[in-house]
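Student: here is my input, please return the structure:
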Amino acid sequence: MAKLSPAEHKRLAQAVDALRAGTAARFELVVVPLSDRYVLYPVAFGAFAALLVGGLIAVFDARLSAQIVFGTEAVLFVALSALLEWPPLKLLLVPKHLKHERARQFAHRAFAARVLAARERKTGMVFFVSLGERYVELVTDDALDRHVGQPRWNEIVADCTEAARKGRLAEGLVQAIEACGRELARHFPPPG
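Tutor: Numbers count the residues shown, from 1 in each chain. Model prediction:
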């Protein structure tokens, strides 16, 4: 799972501050380690494995007592469920489409909370990054979409994800923030 160092967080904050100084639009950067806790997956896989082992024991060695079989199932269930709580393993269990759907939902909730519900209502966007799901989305309001257009936002996301794939996550994020800043400054320059 990708992580950002304190120095990289500082670099991102500086890029965001520079962007905000150059536009009248609202810009919010949201970087989260995970978009969901996915609590069901470790338990479900642990239970399935325990039942499977219990069934195999019953088929291949019916002489074992129910207490031994149940004890084996219980230990396996607890151990496997606990092991699968480790985020990198847990994320391997979750289907990619579900991870991306959870991240997309989180991005849109962040947009609603940080842009739409802001005390001072103005044109804005959320640059959302979910590190665990390896997901990036730019959520913008209608005014930004009319001026900039979805193809340009998609290009910014594609450039950012390509940099991340090459191991340059922080650099890709900074470049994407700067690209967003250029678009915002062009269409929504700072007042004054």
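
Student: could you spell out which stretches of this structure belong to which domain?
Tutor: 6-36+95-187, 40-93 (automatic domain parsing).

Student: do a quick rundown of the strands in the chain.
Tutor: Taking DSSP state E as the test, the strands found in the chain are 26-32, 124-130, 135-140.

Student: which residues of the chain score low on pLDDT?
Tutor: By pLDDT under 70, the weakly predicted segments of the chain are 1.

Student: cutoff 80 now
Tutor: The chain contains residues with pLDDT under 80 at 1-2, 121, 192.

Student: need the helices for it, in chain order.
Tutor: 6-21, 40-60, 66-83, 87-93, 96-111, 142-147, 150-165, 169-187 (DSSP state H).

Student: now do the longest one: which elements does it pack against?
Tutor: Pointing back at helix 40-60 there. Helices and strands touching helix 40-60, as assessed by 3 or more CB pairs under 8 Å, 6 or more residues apart in numbering; DSSP states H and E, comprise helix 66-83, helix 87-93. For the C-beta atoms, the positions are set from N, CA and C on the backbone; glycine is no exception.

Student: turn these into a markdown table, including distance to residue 159.
Tutor: Shown next, in a markdown table, are the helices and strands packed on helix 40-60 (distance: least, CB to CB, whole Å):
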| stretch | distance to residue 159 |
| --- | --- |
| helix 66-83 | 37 |
| helix 87-93 | 24 |
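
Student: which residue is nearest the centroid of the chain?
Tutor: residue 130 (2.2 Å; CA atoms, centre = their mean).

Student: residue 123: what's it in contact with?
Tutor: 24-26, 141, 143-144, 188 (CB atoms under 8 Å, 6 or more residues apart in numbering).

Student: most neighbours of all those residues, which one?
Tutor: When neighbours are counted by other CB atoms under 10 Å, residue 25 leads these with 26 neighbours.

Student: for that residue, grab phi and psi.
Tutor: phi -80, psi 160 (degrees, to the nearest 10).

Student: in this structure it contacts residue 147, no?
Tutor: No. Counting by CB atoms under 8 Å, residue 25 stays clear of residue 147, with 9.6 Å between them.

Student: list the residues that contact both of the two?
Tutor: By CB under 8 Å, 6+ apart, the residues touching both residue 25 and residue 147 are 187-188.

Student: measure the residue sitting furthest away from the middle of the chain to residue 168 for me?
Tutor: Distance from the C-alpha centroid of the chain peaks at residue 63, with 48.9 Å (CA atoms, centre = their mean). Computed as CB to CB, to the nearest Å, the residue 63 to residue 168 distance reads 59 Å.
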